[in-house]
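**Q** Sequence first, then the predicted structure:
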Amino acid sequence: MKYLCLFVIITLWFGCEKPEPASTLPRIWFDKYKLTKDTLIGGNLNHHFLLSFHLVDGDADIGYKEEITENDSKYISLNIFPYVKKNGIYEIDTVSYPYHLPYLSEKAPRGYLKAIVQIDMEFLKLTIPQWDTVRFIYFVKDRAQNRSNIDTTPEVKFK
């Protein structure tokens, strides 16, 4: 009986799921990427770049419920910046890619959010002729305008 009681206590102790401690500041880290090349109508080559990264937010305030139609920086919850390799040195490109992440709070019943985010970016070959090798730098902002850490992809070779 003594061993059965000890077994039940150990099972309950290790079986109870403890909440994962997380900061109210979003935290991200790179997962993987996939680069595909497709042909469009008219023979133009385009690239699809699928970026996948992990996201943890302690208060789960990512994204907005209402439909956002403007590019007000307050509503942009993901920013992606390409750094193009020129003569062996990375330089920031003149474009950035702002995104509106969907409202994710309802998917966080424990009060914190833990997710894998996937973004599909499409680049027309005609618009990026200067890109040979690039890295993407990205960060997330929550509704309280807290900015996550900045993360970087490995080198991506477009040619």
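**A** Good, I have the coordinates.
**Q** Ile150 contacts Phe139, doesn't it?
**A** Yes - the pair Ile150 and Phe139 passes the contact test of CB atoms under 8 Å, sitting 4.8 Å apart. C-beta here means a position set from N, CA and C on the backbone, and glycine is covered the same way.
**Q** Now Leu51. Nearest residue, chain neighbours left out?
**A** Ile119 (4.7 Å; CB to CB, 6 or more residues apart in numbering).
**Q** Output the contacting helices and strands for whichever helix or strand that neighbour is part of.
**A** For Ile119, the host element (DSSP states H and E) is strand 113-124. When contacts are defined as 3 or more CB pairs under 8 Å, 6 or more residues apart in numbering; DSSP states H and E, strand 113-124 sits against strand 45-57, strand 78-86.
**Q** What's the separation between the residue nearest to Leu51 and Tyr97?
**A** When CB to CB, to the nearest Å is the yardstick, Ile119 and Tyr97 sit 8 Å from each other.
**Q** how deep is the residue nearest to Leu51 tucked in, by neighbour count?
**A** 17 (other CB atoms under 10 Å).
**Q** So it sits against Ser77, correct?
**A** No - with contact defined as CB under 8 Å, Ile119 does not count as touching Ser77 (11.3 Å).
**Q** Spit out the residues that contact those two alike.
**A** Shared contacts of Ile119 and Ser77 (CB atoms under 8 Å, 6 or more residues apart in numbering): Tyr99.
**Q** Now do the strands in this protein.
**A** For the chain, the strands defined by DSSP state E cover 27-39, 45-57, 78-86, 89-92, 97-99, 113-124, 133-140, 151-152, 156-157.
**Q** tell me the contacts of Phe30?
**A** Listed by CB under 8 Å, 6+ apart, the contact partners of Phe30 are 53-54, 151-154.
**Q** and which of the residues you listed is nearest Tyr83?
**A** Closest approach to Tyr83 among the contacts of Phe30 (CB to CB): Thr152, at 8.0 Å.
**Q** Name whatever forms a beta bridge with that closest one.
**A** With DSSP bridges as the criterion, Thr152 is bridged to Ile137.
**Q** List the buried residues for stretch 96-104?
**A** 97, 100-101, 104 (16 or more other CB atoms under 10 Å).
**Q** now do stretch 23-32
**A** Result for stretch 23-32 [16+ other CB under 10 Å]: buried residues 25-28.
**Q** what lines up beside the strand holding Ile119 in the sheet?
**A** Partner strands for strand 113-124, per DSSP bridges, with pairing direction: strand 45-57 (antiparallel).
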